[in-house]
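Undergrad: Here is the input, now give the coordinates:
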Amino acid sequence: MTEPKLTRAAIIDTAISLADTDGLDALSMRRIADRMGVGAMSLYRHIANKDVLIAAMADEVAGRYPYPAVEGKNWTWRDRVRIAGEIDWDLYQRHPWVLLAFATPRYGFGPSSLACLAWLVEGFRELGVTTHEATEMSFAVWNYISGATLPHISSSLLTRKGGDSADENGLRTLLAGYPVHPTPAALSELHGTGDQFAQLDLLHLGLTALCDGFALRAGRAAPAASSTSTTGQPIQRR
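TA: Numbering: from 1, shown residues only. The predicted structure is shown next:
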């Protein structure tokens with residue numbers, strides 16, 4: 001890349017691509033410069049330091065996965081929670097490193113993340129709660145989404161760094177009927193059942209439970225949760 005094409009946006013885009021393939025730990029100004037074909041010092045004319053860069057990367061990625069406009073949709077607050085879960089799940093699968101960035105205070109809450117927070121808060125205000133309470137509910141939703149997504153992302157990050165990509169573990173072998181550890185009595189009925197605990201199913205189960213709790217706290221009846229995505233099709237993930 002020639003010097004005239006060296007822009008802040010190009011640096012951020014290159015850094016995102018590098019983090020996607022090699023992880024956040026592999027990110028350095030020199031590696032970004034090498035990939036762009038420029039001198040490392042030239043980057044500092046556009047990005048002050050690595051912390052500024054990661055914050056900009058996080059906000060750029062958040063901006064690529066905005067929560068959709070609600071005008072004319074007739075979505076309830078529960079619909080907003082489900083939609084947020086769908087979008088954030090997809091975001092974390094495609095950019096695993098951003099979960100770590102969002103969890104670090106100095107990298108979070110740029111303009112894009114604030115817009116997403118406001119979108120959730122607006123929905124929760126339908127419950128008749130205060131803005132402070134609606135913000136707490138939004139954080140609870142985000143905390144659950146990130147926690148539910150983490151096991152899948154962790155596996156991806158370990159594989160990316162050269163770790164063992166095998167998915168065998170104590171629970172899987174128990175379900176398959178050849179446990180590698182002693183089986184606790186409370187889990188004995190799972191032995192050999194081959195049961196599947198899909199992470200997306202668990203994500204939606206947890207979000208539904210959170211919504212039920214929010215409704216009870218707000219003194220509202222809990223309506224049935226929707227089972228379709230924003231396109232009207234059954235919820236699926238790539």
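
Undergrad: mind saving the C-alpha coords of the helix or strand containing Leu100 as PDB?
TA: In this assignment (DSSP states H and E), Leu100 forms part of helix 97-102. Extracted in PDB, the C-alpha atoms of helix 97-102 (Å, rounded to 0.1, in the frame of the first residue of the first chain):
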ATOM      1  CA  TRP A  97     -11.400 -10.900  19.800                       C
ATOM      2  CA  VAL A  98     -14.000  -8.200  20.200                       C
ATOM      3  CA  LEU A  99     -15.400  -9.900  23.200                       C
ATOM      4  CA  LEU A 100     -12.200  -9.300  25.100                       C
ATOM      5  CA  ALA A 101     -12.100  -5.700  23.800                       C
ATOM      6  CA  PHE A 102     -15.700  -5.000  25.000                       C
END
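
Undergrad: Now that helix: buried residues?
TA: For helix 97-102, a neighbour-count test (16 or more other Cβ atoms under 10 Å) marks 97-102 as buried. Every C-beta, even on glycine, is put in place using the N, C-alpha and C of the backbone.

Undergrad: And the contacts of it?
TA: For helix 97-102, the surrounding residues in contact (Cβ atoms under 8 Å, 6 or more residues apart in numbering) are 19-20, 23-24, 54-55, 57-58, 61-62, 91-92, 107-108, 113, 146, 149-150, 153, 157.

Undergrad: in the helix or strand of the chain with the lowest mean pLDDT, what's buried?
TA: Within the chain, confidence by mean pLDDT, DSSP states H and E is lowest for helix 170-176 among all helices and strands, at a mean of 76. By 16+ other Cβ under 10 Å, the buried positions in helix 170-176 come out as 172, 174-175.

Undergrad: Same check on stretch 30-40?
TA: By neighbour count on 16+ other Cβ under 10 Å, the buried set for stretch 30-40 is 32-33, 36, 38.

Undergrad: These: which two are farthest apart?
TA: Distances among those were taken as Cβ to Cβ; the most separated pair is Ile32 and Val38, at 8.9 Å.

Undergrad: same question for the longest helix seen in the chain, mean pLDDT?
TA: If you go by DSSP state H, the chain has its longest helix at helix 131-160. The average pLDDT for helix 131-160 rounds to 84.

Undergrad: So which elements touch that helix?
TA: helix 77-94, helix 97-102, helix 111-124, helix 199-217 (3 or more Cβ pairs under 8 Å, 6 or more residues apart in numbering; DSSP states H and E).

Undergrad: Quick one: closest of these to Gly192.
TA: Nearest of these (Cβ to Cβ): helix 199-217, 20.8 Å.

Undergrad: Let me see the domain layout of this structure.
TA: 3-47, 66-165+198-238, 167-197 (automatic domain parsing).

Undergrad: Just the buried residues of the shortest one, please?
TA: Neighbour-count burial for domain 167-197 flags 172, 174-175, 179, 190 (criterion: 16+ other Cβ under 10 Å).

Undergrad: for this protein, which spans come out with low pLDDT?
TA: Scanning the chain for pLDDT under 70 picks out the ranges 1-4, 155-167, 195, 197-198, 220-238.

Undergrad: In contact with Ala9, which residues are there?
TA: Neighbour list for Ala9: empty [criterion: Cβ under 8 Å, 6+ apart].

Undergrad: Which residues belonging to the stretch of helix or strand it belongs to are considered buried?
TA: Counting by DSSP H and E, the element that carries Ala9 is helix 8-22. Across helix 8-22, burial judged by 16+ other Cβ under 10 Å covers 11-12, 14-16, 18-20.
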